[in-house]
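Enquirer: could you look at this predicted model? Sequence included:
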Amino acid sequence: MMEYKQPKFRVMGDRSLLVELGDDISREVNRRVRMLYYSLIDRKLGGVVELIPSYATLLIVFDPLKISLAALKAGTLRLMETADSSRIPEPKTVRIPVVYGGEFGPDLPWLAEIHHMTPDDVIRYHSATTYHVYMIGFTPGYPYMGEVPVEIATPRRDTPRTRVPQGSVGIAQRQTGIYPVASPGGWQIIGRTPVRLFDPAAWPPTPLEIGDAVNFYPIEMEAYNNWQP
C-alpha cells in the first residue's frame, strides 16, 4: 500500500473522472485528497458539476459539453501543483455520546470475547481514541472514521443485517462509523448515539465533514432518552 507521487486517472463513464492519490487508508493521502477537493471548489474549473472525495480518491463529475476530458485532466494537474494545506478549512472536534452494549450494542459481548477482554475494555479503547473523518458516504451523512485501535479491530459480519437502526455505532476492521438512517449493514454494532447525523432540512445537513475529529464518550440510557442537541 502506498501514496502516489503522481495521480492516477480513471475514466468512469462519459461524465466522471476518478483521481487516485494512493491505495491505502492514510491521513497524509486523505489530506492530499482534501487539498485537491478544496482547490477545485475555490478555483472552479468550468464544467465541473460535482466533487465526491473518499479515503484516497476524488471523483470529479463533469459536463463533457463544457470541458473535455483532456482539459479536465490538465486543469486538475495544474491545481495539484499549486494546492496547499491553507485551503483546507480548520477541522472541527465533535464529541459524540454513545450508549454502549445492551440492545443498542448487540455485538459488543462477542467482540469483547474474541479479543479476550471485557466489554468495558472495548468501550475504553473505543472512547479513548480521537478519530479522523475520512469520508462521508454509503448513506447520506454516514461518516467513515479511523483508525480503531488494533486491540479491538474486527472484521465485518459474515452476514449483514437487513436493518441496522439509526444512530448505531459500528466497527469494521480499523474503521468506525455511525448509521445516520436505518439501513442494511454488516458492521459490528457496539452502541448507539442520540445525535442526529443527517437532517435534510438543515444546512449543512450533517454535523460532520471530511477532516473533522471525533471523540466518542459513554452515556447511560437516561441521558440518551433526555438528549437535546
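Expert: Happy to help now that I have it.
Enquirer: give me the beta-bridge partners of Ser168?
Expert: For Ser168, the beta-bridge partners are Arg192 (DSSP bridges).
Enquirer: and the pLDDT for it?
Expert: Confidence at Ser168, expressed as pLDDT, is 98.
Enquirer: one more: Ile41?
Expert: Predicted confidence (pLDDT) for Ile41: 88.
Enquirer: in three-state terms, label it for me.
Expert: At Ile41 the chain is in helix, as set by DSSP: H, G, I helix; E, B strand; the rest coil.
Enquirer: list the contacts of Asp199.
Expert: Residues near Asp199 by CB atoms under 8 Å, 6 or more residues apart in numbering: Pro205, Thr206. C-beta coordinates here come from the backbone N, C-alpha and C atoms, glycine included.
Enquirer: tell me, how many residues neighbour Pro106?
Expert: 15 (other CB atoms under 10 Å).
Enquirer: tell me the phi and psi of the residue nearest to the spatial centre of the chain?
Expert: The C-alpha lying nearest the average C-alpha coordinate of the chain belongs to Tyr144 (CA atoms, centre = their mean; 2.4 Å). Main-chain torsions, Tyr144, degrees, to the nearest 10: phi -100, psi 120.
Enquirer: would you agree it is in contact with Gly177?
Expert: Yes - between Tyr144 and Gly177 there is a contact at 5.6 Å, judged by CB atoms under 8 Å.
Enquirer: now do the shared contacts for these two.
Expert: By CB under 8 Å, 6+ apart, the residues touching both Tyr144 and Gly177 are Phe138.
Enquirer: distance between the helix or strand of the chain with the lowest mean pLDDT and the chain's centre?
Expert: Sorted by mean pLDDT, DSSP states H and E, the helices and strands of the chain end with strand 3-11, the least confident at a mean of 86. Between the centre of strand 3-11 and the centre of its host chain there is 21 Å, according to CA atoms, centre = their mean, to the nearest Å.
Enquirer: could you do stretch 132-145 as well?
Expert: On CA atoms, centre = their mean, the centre of stretch 132-145 falls 3 Å from that of its chain.
Enquirer: show me the contact partners of it.
Expert: With CB under 8 Å, 6+ apart as the contact definition, stretch 132-145 has outside contacts at 25, 27, 30, 52-55, 131, 146-147, 175-181, 183, 197-198, 200, 205-206, 208-214.
Enquirer: tell me which residues in the least confident helix or strand of the chain are buried?
Expert: Neighbour-count burial for strand 3-11 flags Pro7, Phe9 (criterion: 16 or more other CB atoms under 10 Å).
Enquirer: swap in stretch 24-44?
Expert: Neighbour counts over stretch 24-44 (16+ other CB under 10 Å) mark 25-26, 29-30, 32-40 as buried.
Enquirer: circling back to that earlier point, just the angle between the helix or strand just after the least confident helix or strand of the chain and strand 3-11, please?
Expert: Remark: after strand 3-11, the chain's next helix or strand is strand 16-22, criterion DSSP states H and E. Strand 16-22 and strand 3-11 meet at an angle of 160 degrees, taking axes from the mean of the first three to the mean of the last three CA atoms, to 10 degrees as the criterion.
Enquirer: what packs against strand 16-22?
Expert: Counting contacts by 3 or more CB pairs under 8 Å, 6 or more residues apart in numbering; DSSP states H and E, strand 16-22 is packed against strand 3-11, helix 27-43, strand 57-62, helix 69-82.
Enquirer: give the rounded mean pLDDT of the shortest one.
Expert: Within the predicted structure, the mean pLDDT of strand 57-62 is 96.
Enquirer: go on, stretch 67-76?
Expert: Taken as a whole, stretch 67-76 has a mean pLDDT of 94.
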